[in-house]
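Student: how would this look folded up:
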Amino acid sequence: MLDIKFVRDNPDIVKENIKKKFQEEKLPLVDQVIDLYNQALAAKQQAEALQQNRNVLSKQIGMLKGKAKKEPENAAQYEAQAAQLQEQVVAETAEREALSAQEAELNAKVREIMLVIPNIIDPSVPIGPDDSCNVEVQRFGEPKVPDFPIPYHTDIMESFNGIDLTSARRVSGTGFYYLIGDIARLHEAVLAYARDFMIDRGFTYVIPPYMIRGEMVEGVMSFPEMDAMMYKIEDNSNTDPKNSLYLIGTSEHSMIARFNGQIIPGDQLPLTLTSYSPCFRKEKGSHGLEERGVYRIHQFEKQEMIVICKPEDSMAWYEKMWQNSVDLFRSLDIPVRQLECCSGDLADLKVKSCDIEAWSPRQQKYFEVCSCSNLGDAQARRLGIRYTETVEFTDKKGRKKTKTNNVLAHTLNNTCVAPPRMLIAFLENNLQADGSVVIPEVLRPYMGGKEKLQVANTYVPKQD
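Tutor: Okay, here's the model as predicted:
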């Protein structure tokens, strides 16, 4: 969310940014929100003027009552004047309260509009209307296609007795799964390895709440994203939407919300955190064959990276964060590439974002496995996340002094690893001609020392 004062002072910049994001329908909102803000400001100034006048009148009333006591012969006159002024105070108090209510109502409308005006994108972001305009930046590792056919990922998992989609559909519906045996173990091994990988890079491990209140949801994402992603927990005893609980779609939601309203000592930044959580998503819409199986599902687990830092450090952390994902995937012998997201593919809160895509030998193309985003101060402004900054200044007498300001922090997030989607890339890239899967050396300690997964000979239910 932008600063309304920035919007008021730079309407052309805000409108140009909206055009770059191909959201022309939002252009009228800029002038509308500026007008509402000016009305709210005028109401506030009028209310303040009335308050100042009340203070003056109160003093005059006090003086008149004092005179009435000192001059009994003129008491009736002074008391009549005081009563007249008191009536004016009552009338102006009612007017002031009405203006304050009007100001609050106007400010609520301002906030409502500001929540949908997109953040200012970084100048380096490529301009385009949708993800077809995303730009490949660089590749890491040599993408290879073996000289034997690569089965569909659920067929690979089934060969190890590792998945049961049929039972999951019967129990929970489409978009769910049972992972079994070595595949389930591999799933957990990847998460544990990713956790330790990030700890070794200086990140603090956190397990956050898996549900958050509605007012926190508003602080971390846009309404269209919320509607498309999040499951609301129905509770008939709770009528306040701000207190309604939502299942998190990613641990970023509860991780950032943890710092709601906090003022962080500046010398404690950056905060570098890595969080584990299950994630729950609606995943609306129909998807093609390659996005079935366990690629696009309603429930999965993820290791995430979160950074809260000073504005001047956020772009450097952005570069470090996506590089962490590249390094992790390369350590598992998976070729990847970095894809810069274009303006039309950025969510409204994002300043800059890129995807890390893994190579699929089966499809002979890359697919998304990580998403790294710099949100600037958008989430911090919504949630009131600030840090203390000490600055030096010279006073009017030429003396050196210091003062402490509270400054909005910047927030960033990135997927470290999200199985089971990541398992698709892992299994395809490490599959051997005999159907076995090689376990990279770094993962073997998490797999009980196993060097390979061998094809199972026991029965597994056939998938639909």
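
Student: so what pLDDT did the residue nearest to residue 133 when sequence neighbours are not counted get?
Tutor: What sits nearest to residue 133 in space, not counting adjacent residues and going by CB to CB, 6 or more residues apart in numbering, is residue 342, at 4.1 Å. C-beta here means a position set from N, CA and C on the backbone, and glycine is covered the same way. For residue 342, the pLDDT comes out at 97.

Student: Now for residue 342: which residues touch it?
Tutor: Residue 342 is in contact with 125, 126, 127, 128, 129, 130, 131, 133, 134, 135, counting by CB atoms under 8 Å, 6 or more residues apart in numbering.

Student: what are the ranges of the strands in the stretch 201-350 of the chain?
Tutor: 204-206, 211-213, 231-233, 245-247, 263-264, 271-280, 299-309, 336-340 (DSSP state E, counting those that start in this stretch).

Student: Let's have those in TSV, adding distance to residue 114 and mean neighbour count.
Tutor: Below are the strands of the stretch 201-350 of the chain laid out as TSV (distance: least, CB to CB, whole Å; neighbours: other CB atoms under 10 Å):
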stretch	distance to residue 114	mean neighbour count
strand 204-206	30	14
strand 211-213	21	20
strand 231-233	24	14
strand 245-247	22	19
strand 263-264	22	16
strand 271-280	26	20
strand 299-309	22	23
strand 336-340	27	21
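
Student: top of the contacts of residue 342 by neighbour count?
Tutor: Highest neighbour count within those: residue 125, with 22 neighbours (other CB atoms under 10 Å).

Student: Now name the helix or strand holding that one.
Tutor: When elements are assigned from DSSP states H and E, residue 125 belongs to no helix and no strand.

Student: looking at it, it is touching residue 344, isn't it?
Tutor: No - using CB atoms under 8 Å, residue 125 makes no contact with residue 344, being 9.9 Å away.

Student: Export the helix-or-strand element of the chain with minimal mean pLDDT to CSV, keeping only CA atoms.
Tutor: In the chain, no helix or strand scores lower on mean pLDDT, DSSP states H and E than helix 223-229, which sits at a mean of 73. Taking Å, rounded to 0.1, in the frame of the first residue of the first chain, the C-alpha atoms of helix 223-229 are listed here in CSV:
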residue,chain,number,x,y,z
PHE,A,223,-8.2,-9.1,-1.8
PRO,A,224,-8.2,-10.8,-5.2
GLU,A,225,-5.3,-13.0,-4.0
MET,A,226,-7.1,-13.8,-0.8
ASP,A,227,-10.3,-14.7,-2.6
ALA,A,228,-8.4,-17.0,-5.1
MET,A,229,-6.2,-18.6,-2.5
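
Student: before we move on, back to that, which among the strands of the stretch 201-350 of the chain is found nearest to residue 94?
Tutor: Residue 94 lies closest, by CB to CB, to one member of the strands of the stretch 201-350 of the chain: strand 211-213, at 35.8 Å.

Student: that older thread, would you tell me which one of the contacts of residue 342 comes nearest to residue 194?
Tutor: Nearest member of these to residue 194, counting by CB to CB, is residue 134, at 24.7 Å.

Student: Distance check, the closest one against residue 120.
Tutor: Applying CB to CB, to the nearest Å, the value for residue 134 to residue 120 is 20 Å.

Student: Residue 247 too?
Tutor: For residue 247, the distance to residue 120 - CB to CB - is 31 Å.

Student: now residue 87
Tutor: Applying CB to CB to residue 87 and residue 120 gives a distance of 51 Å.
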